[in-house]
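Novice: whatever this is, show me its structure:
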Amino acid sequence: MKFDKKTRASVSQALVWVAIFSVVLAGVGAVGVDIWLASTQWLLVAAVSILFAIYLKMS
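Specialist: This is a model prediction of the structure:
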C-alpha cells in the first residue's frame, strides 16, 4: 500500500506515540500491575512501533 508524504508523516507520528504509551505501560507493569501484557512484551511492542515509525520517516 502506498501512502502520500503527509499520510506517512501522520502514521509515523502515531507510531511514535504508541511506542511512548507502550513504554509507560511497561513502567506500570514493572511496579507490579500488568495491564494485558507483561512489561517485556510492552517493550517489544514499543521497539517494533518505533522501528516502523523510523522506516516510514525514511521512505
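
Novice: please identify the buried residues of the longest helix along the chain?
Specialist: Among the elements of the chain assigned as helix by DSSP state H, the one spanning the most residues is helix 5-30. By neighbour count, and taking 16 or more other C-beta atoms under 10 Å as the criterion, the buried residues in helix 5-30 are R8, S12, L15, V16, V18, A19, S22, V23, L25, A26, G29. All C-beta spots, glycine's among them, are computed from the backbone N, C-alpha and C.

Novice: verify the stated contact: L15 with A47.
Specialist: No: the pair L15 and A47 fails to qualify as a contact (C-beta atoms under 8 Å) at a distance of 11.3 Å.

Novice: of the buried residues of helix 5-30, just say which sits nearest to I54.
Specialist: Distance to I54, by C-beta to C-beta, is smallest for S12 among the buried residues of helix 5-30, at 7.9 Å.

Novice: relative to W42, how far out is the residue most central in space within the chain?
Specialist: Per C-alpha atoms, centre = their mean, the C-alpha nearest to the average position across the chain is that of A19, at 2.5 Å. Taking C-beta to C-beta, to the nearest Å as the measure, A19 and W42 are separated by 10 Å.

Novice: this completes my enquiry, with thanks.
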